[in-house]
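Engineer: pasting the sequence and the predicted coordinates here, then a few questions.
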Amino acid sequence: MVHTVMNIMKYIGSSLSELVFPVTCACCGIKTEEIHQTICNWCRRSRFEYAGEDIAEILPETISSLFSMWFFDKGGYLQQLLHNLKYNHLKGVGRELGRLLAASYLRANDPENILQINPLIVPVPLHKSRMRKRGYNQARVLAEGFCELTNWDLVNDGAIARIKNTATQTGLTSRKRSENIRGAFAVQGKEQLQDQLIIIIDDVFTTGATTFELAHLLSELTNEKVKIVTVARV
Ligand SMILES: [Zn+2]
């Protein structure tokens, strides 16, 4: 109950701030060129380093590709932006990042080809205790923006659940992360997932322990390799 009230207050607070300061770039703080923009044109084009398809990473056999829009900039603007998206209820920014991610992904692929594939978009789920604390799942907000632009289907909320509440993975070795995350997800609604090509959406790709675990589960279910698309990659 206390959490719910806090979440409502936080939500109202963030909605108000987005209303009062609608034309300020969430990244650099400078006035944006268009009223609906939450990230200014200069930041979009020049602030971050494009990453694209990862051809260096050796991916598990359940994954066909890993695409990220930008390289993670430790201590930089992107880290700050993603932190705000996660903890400070900047949903408008999240959806805009999702749309930018979709545009970037379509540009990197043959758009006509990929638009016909009609994949199902699956954001990495959050454990319900974290969901209660934060009030929303930042990966789902990104996925909503992604689907707005592509018109692809977003998986139903709750179809896949995170049943294991893992502590923060920061600072752990990649082996330890994989051990921690094993069995963390469960499919609770199979119908929508079967025979689908799936794209997993997340904010940051670090060691891949979390997305690989989810991809493994989904690939077993669909008998198809899964694609991973993230805003940033370390
Ligand atoms: Zn800016």
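Structural biologist: Now that the structure is in, tell me what you want to look at. Numbers count the residues shown, from 1 in each chain.
Engineer: can you pull the phi/psi pair for Gln140?
Structural biologist: Just to correct that, residue 140 is Arg rather than Gln. Here is the backbone geometry of Arg140 (degrees, to the nearest 10): phi -70, psi -40.
Engineer: first-to-last residue distance for stretch 81-99?
Structural biologist: Taking Cα to Cα, to the nearest Å, stretch 81-99 runs 15 Å from one end to the other.
Engineer: what is the rounded mean pLDDT of that stretch?
Structural biologist: Throughout stretch 81-99, pLDDT has a mean value of 89.
Engineer: write out the residues of the chain neighbouring the ion.
Structural biologist: Within the chain, the positions adjacent to the ion are 25, 27-28, 40, 43 by Cβ under 5 Å from the ion. Glycine gets a C-beta too; all of them are placed from N, C-alpha and C.
Engineer: hmm, which helix or strand of this protein has the shakiest average pLDDT?
Structural biologist: helix 2-20 (a mean of 51; mean pLDDT, DSSP states H and E).
Engineer: who are the packing partners of the helix or strand following that helix?
Structural biologist: Counting by DSSP states H and E, the next helix or strand C-terminal to helix 2-20 is helix 41-42. If contacts are counted by 3 or more Cβ pairs under 8 Å, 6 or more residues apart in numbering; DSSP states H and E, helix 41-42 sits against no helix or strand.
Engineer: count the residues that sit near Asp157.
Structural biologist: Neighbourhood size, Asp157 [other Cβ atoms under 10 Å]: 12.
Engineer: what residues are up against it?
Structural biologist: For Asp157, the contacting residues are Arg140, by Cβ atoms under 8 Å, 6 or more residues apart in numbering.
Engineer: returning to that earlier point: list only buried entries from the residues of the chain next to the ion.
Structural biologist: 25, 27, 40, 43 (16 or more other Cβ atoms under 10 Å).
Engineer: dump the residue contacts of the residue nearest the centre of the chain.
Structural biologist: Nearest to the mean C-alpha position of the chain, by Cα atoms, centre = their mean, lies Asp202 at 2.7 Å. If you count contacts by Cβ under 8 Å, 6+ apart, Asp202 has them with 123-124, 139, 142, 210-211, 228, 230-231.
Engineer: do the same with Cys43
Structural biologist: 25, 27-28, 77.
Engineer: how close does the residue nearest to it when sequence neighbours are not counted sit to Phe72?
Structural biologist: Using Cβ to Cβ, 6 or more residues apart in numbering and skipping residues adjacent in sequence, the residue nearest Cys43 is Cys27, 4.4 Å away. Using Cβ to Cβ, to the nearest Å, Cys27 is found at 14 Å from Phe72.
Engineer: just Gly94 next, same as before
Structural biologist: 17 Å.
Engineer: of these two, give the one with the bigger neighbour count.
Structural biologist: The residue with more neighbours, out of Gly94 and Phe72, is Gly94; 29 against 21, by other Cβ under 10 Å.
Engineer: who's the closest spatial neighbour of the more buried one, skipping the chain neighbours?
Structural biologist: Distances taken as Cβ to Cβ, 6+ apart place Val141 nearest to Gly94, at 3.5 Å, with adjacent residues excluded.
Engineer: and that neighbour, that's in a helix?
Structural biologist: Yes: counting by DSSP: H, G, I helix; E, B strand; the rest coil, Val141 is located in a helix.
Engineer: is it in contact with Arg99, as I believe?
Structural biologist: No: counting by Cβ atoms under 8 Å, Val141 stays clear of Arg99, with 11.2 Å between them.
Engineer: settle it for me: which of these two has more neighbours?
Structural biologist: Per other Cβ under 10 Å, whichever of Val141 and Arg99 has more neighbours is Val141, with 25 against 18.
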